[in-house]
Every structure is written in structure tokens, then in C-alpha cells.
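>>> this one's sequence-less:
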């Protein structure tokens, strides 16, 4: 968490907000709540950034040794800029863009300049202790690099599904159905015995080559994920501990471990909020209704924990969580049953966090037998 200006022994502070774009960055400088000074630099030009910081201190009457507090919105540029700023003595935070308040007018002005000015004013308010936004938890470079494999696996699985669907669609358009898509196009025959047309056969061969490439790369990535899961550090230990529970396999545990359990949570509310499974009540006067879960957390973990919840009902029927679900939603169907599974997922992710971090087995849950 960024220090507050009260922690700087009364010295003056320079605030700087960075509005990032692919070609140009806008920098908004301010001292306390004074009108900001806005400058443009070329994207990624950190020499120009340092020069603008020095010029802003001179212009605003600050000494060269005064601290600099900075911020920018999380996005395409990732966290390299945060690490650079922290390494060079700037006190930086990365802001969750979805948590920034905006005007509710039907037509509101929005430019990069206005965004930078608003960002630097909120930074000053944040440093004085006001709750104006949510701050992103920045992973270490090692942890950020480790979770590349699970995310690449997700993309490769989608690509494999697309290639399978494309191959079946091309053949179905010609009245051809095959059980194995690895067959040579020349060996495929339609219902009346006609071969595949020449140009279609060439397209099928190219599609098969892409499918083989994706399949090979997917096997390599899955080996890498398995290696990360079996590591001896904290993340590896928590991930391996999760696989001891029936209904949780290596894929789900790797996503939970690399995407989620590298963080330390203080309580169950932080766990649910990080997944995006917290309620969003809407109450005004006598009107009150629930808008559903916030979906503000990690979408990958949220998708996996809901999948685990469905499997949990099948392989952990005697657990307290399964009994609670059947008591509350056992007779429900359709939409109410889907609402119930989301409620179960919220309780389940908290139970899995306690098991992974503290070793507390969920009540009534069955562990897999230990392999000799």
C-alpha cells in the first residue's frame, strides 16, 4: 500500500498520474490539491519521464529530494512500469480501472487529458486515506511468469476446439461424417461414396496440420504445468494439497494455485471478493433487491470454482457443503439450481482456501488414498 502524506513528516509531495496509450503517455502532476500540470511524452520513454518529473518539481516549487507518489490504471502495459517506478524510488500503485468512479450523465466528457487530471486528483485523496478506488495486488515477476503456462493452456484448448469444430463443419457441409478427424482427407467418402473435392481436401489438410501443431504444443504446456504444480515452494505445496481432495484434478488445482493461492488473504470476505462471488445489493428507500454476484475478481478462478462445485456434488455427496446444497436447492431446477451452484461455489472457494493455506479439511470431505 502506498504511504500517506501524513507519513512523510509534513513534507510536500509531488503526485503524478500516468494515462497510458500505445503511442503517447499523458502525465498529470499536482502538488497537494493544486491545479495539475499536464505533459505528453512518447510511450515508454522513461528518460523523458524523469526529465518531466524534475521539471514539475521546479515548476511547482518542490525540492529535488521531495517524494513522488504515482499511479496508473492496470491494462495492456502490465506491471513492468510499476516495477520500474518502484526500483527508481517512486511510490507507485496500480489502480483497478473498474473501481474508478465516473459521472452518471448520459453524455459526459472523456479524453485522455481529463482522465489523467481526474486520476491525479484521486491519487491525492487516496494518499490522505480516502477510499476512492481499489488497488491491484501486483505479483512478483517470478509468479507472473509461472502462471503463463496455465493461461497458455487455456488458449490452446480453445484453439483445439475451434479446429475440431471447423473440420467437422467442413465435412458436414458435404454430407460427410467421420469419427476420427485424423484420417487423411482422401480416405473420407460421402454417403453416396463420392470423394472429397480437390480444394476442400487441401483446406482439410492445412486445418489438420494446425490441429496437430496445437495438440503438440498443448502436450508440452501441460508437462510444464505439471512441473509447476509439483514444485516445493508455497504455491506448489498448496496446489498439491488441493489435489488430495476427491473431485479436484491437476488442471483445476493448477489454475487455483497459480492464479489464486499465491496470494495471502486475511479473511473469507477477501477470498470471495477476489473471485468476484460477492453480492451486489441495490437498496434505496423501500426498494431493495439483489443484482447478483459482482464478477469483479479473477474470471479464470471463478469459472474453475463453479466447475469444481458441480463435480463436488457428485464425488463429495456426504460433505457438509453438498448436504447444505441439497437441503437448500435439492428440489430446484433450471435458473434456481444455477443460482444455488454459484452459492455453493462461494462457500467452496472459502473452504478450499482454508484447506490449502491452513490444512483444515472441509467438513465431511473425503481425501484420495495416499499412493505408495
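Perfect, thanks for sending it. What you see is a predicted model; the values in this text were computed from it and never measured. Residues are numbered from 1 along each chain as shown.

>>> what's the burial count for residue 100?
The burial metric for residue 100, expressed as a neighbour count using other CB atoms under 10 Å, is 15. (C-beta placed from N, C-alpha, C; glycine too.)

>>> Might you report the residue contacts of it?
Residues in contact with residue 100, defined by CB atoms under 8 Å, 6 or more residues apart in numbering, are 73, 118-119, 122, 132-133.

>>> now, which of those lie within helices?
When DSSP state H is applied, those are split such that 118-119, 122 fall in helices.

>>> Let me see the ranges of the helices in the stretch 151-300 of the chain.
Assigned by DSSP state H, counting those that start in this stretch, the stretch 151-300 of the chain shows helices spanning 198-229, 234-242, 250-259, 268-275, 299-315.

>>> Now tabulate those in CSV and tack on mean pLDDT and mean neighbour count.
CSV is the format used below for the helices of the stretch 151-300 of the chain (pLDDT from 0 to 100; neighbours: other CB atoms under 10 Å):
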stretch, mean pLDDT, mean neighbour count
helix 198-229, 89, 15
helix 234-242, 87, 20
helix 250-259, 88, 23
helix 268-275, 89, 19
helix 299-315, 93, 18
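
>>> got those as TSV, with distance to residue 166 columns?
Compiled in TSV, those are given as follows (distance: least, CB to CB, whole Å):
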stretch	distance to residue 166
helix 198-229	6
helix 234-242	34
helix 250-259	24
helix 268-275	34
helix 299-315	24
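
>>> Among these, which comes closest to residue 90?
For residue 90, the closest of the helices of the stretch 151-300 of the chain is helix 268-275, at 26.5 Å, according to CB to CB.

>>> now the angle from that closest one to helix 250-259?
100 degrees (axes from the mean of the first three to the mean of the last three CA atoms, to 10 degrees).

>>> for helix 268-275, packing partners?
Where contact means 3 or more CB pairs under 8 Å, 6 or more residues apart in numbering; DSSP states H and E, helix 268-275 is packed against helix 299-315, helix 335-358.

>>> Quick one: those helices as JSON lines, columns for distance to residue 81 too.
Listed next are the helices and strands packed on helix 268-275 as JSON lines, based on distance: least, CB to CB, whole Å:
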{"stretch": "helix 299-315", "distance to residue 81": "23"}
{"stretch": "helix 335-358", "distance to residue 81": "30"}
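
>>> Quick one: closest of the helices of the stretch 151-300 of the chain to residue 343.
Each of those has some distance to residue 343 by CB to CB; the shortest is helix 299-315, at 9.0 Å.

>>> quick check: angle from the helix or strand that that closest one is followed by to helix 299-315?
Next helix or strand after helix 299-315 toward the C-terminus (DSSP states H and E): helix 320-329. Note on geometry: by the same axes, to 10 degrees, helix 320-329 and helix 299-315 are set 90 degrees apart in direction.
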